[in-house]
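**Q** A structural model of the following input is requested.
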Amino acid sequence: MKKTAIACFLGLFGLFGTTAFAQNVNVRGTVTAFDGQVISVKARDGRDLQVALPDNAPVSITKSLQLTDLKQGQTVGVTTIRRAADGLLVAIDVRPIPATAPPGLTPFDLQPGSTMTNAVLEGVIQAAGGQELLLNYKTGSVKVLVPEGTPMSQAAPGARSDIKPGETVFVVARPAADGKLTAVRTQVSKDGIKPTQ
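**A** A predicted model of the protein is given here:
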C-alpha cells in the first residue's frame, strides 16, 4: 500500500513538479494588444509573447523619480554593472521597492552581467562622475555610483485600462509546463515614463 502511494505521488510530481517549482521570468517589451485577459507583447528580443493576466494580478503604472526623492532608511532596488576599468559598481536602474522584498545581491537579466541589489539606503554622497549610494543588504554592504542620467522610476497603483497598445511593459510571469505565461505582477508605462527594470 505504501509503495503504491509513493508511486502515485512520484507520478503526480513528474506531471506537476516542473510547474510547481518553475522560476518566474521577466517579460519586457511593448504592448501590441490587450483584450482584458491576455497581454500581447513584442518582447525586446523580437519575440511575440502572450501573457495571461488573472483578475487578482496587480497592475502598476510608472512615475518619474529623482534621486532626491529617496530617503535614508528606505528600501531600494538598484541594478548595477561592474565597470571594467576599475571594477566599480555603476547603477543602470534605481527604484524604491517594498520593504518586504528579500534583501540581497543577485544576478539580474536587465543587461548581460548585471546584478540586482535589494537593500536599505544608508546614505548618498557626492562622488566623481555622479553620486554614490551606500547600500546595506543585511549580509553585506556595497557602494554604487549613480551617474547623471541614470534611469529611475517608481511604481504607483494602476488599472487594467492602463495596459494599451504602444505602452512599454514589464511583467513578472510564471511559466507553465506547456510554456504558457501567467502574470504575477505587471508594470506599464504612463505619460511617457517607462519601467526601468
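
**Q** Poorly predicted segments of this structure, please.
**A** Judged by pLDDT under 70, the chain has its weakly predicted residues at 1-22.

**Q** what does the domain assignment say about it?
**A** Per automatic domain parsing, the structural domains of the chain span 2-56+158-177, 66-151.

**Q** Can you lay out the ones you listed as JSON lines showing distance to Gly192 and mean neighbour count?
**A** Every C-beta, even on glycine, is put in place using the N, C-alpha and C of the backbone. Formatted as JSON lines, the entries for the domains of the chain read as follows, by distance: least, C-beta to C-beta, whole Å; neighbours: other C-beta atoms under 10 Å:
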{"stretch": "domain 2-56+158-177", "distance to Gly192": "9", "mean neighbour count": "14"}
{"stretch": "domain 66-151", "distance to Gly192": "13", "mean neighbour count": "15"}
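
**Q** would you turn the ones you listed into CSV with distance to Ala183?
**A** Rendered in CSV, the data for the domains of the chain read as follows (distance: least, C-beta to C-beta, whole Å):
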stretch, distance to Ala183
domain 2-56+158-177, 5
domain 66-151, 17
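
**Q** which stretches of the chain form helices?
**A** Here the chain has its helices, by DSSP state H, at 2-21.

**Q** Tell me the strands beside the strand of greatest length in it, with direction?
**A** Of all the elements of type strand in the chain, the one with the most residues (DSSP state E) is strand 115-127. Paired with strand 115-127 in the same sheet, following DSSP bridges, are strand 75-82 (antiparallel), strand 104-107 (antiparallel), strand 130-136 (antiparallel).
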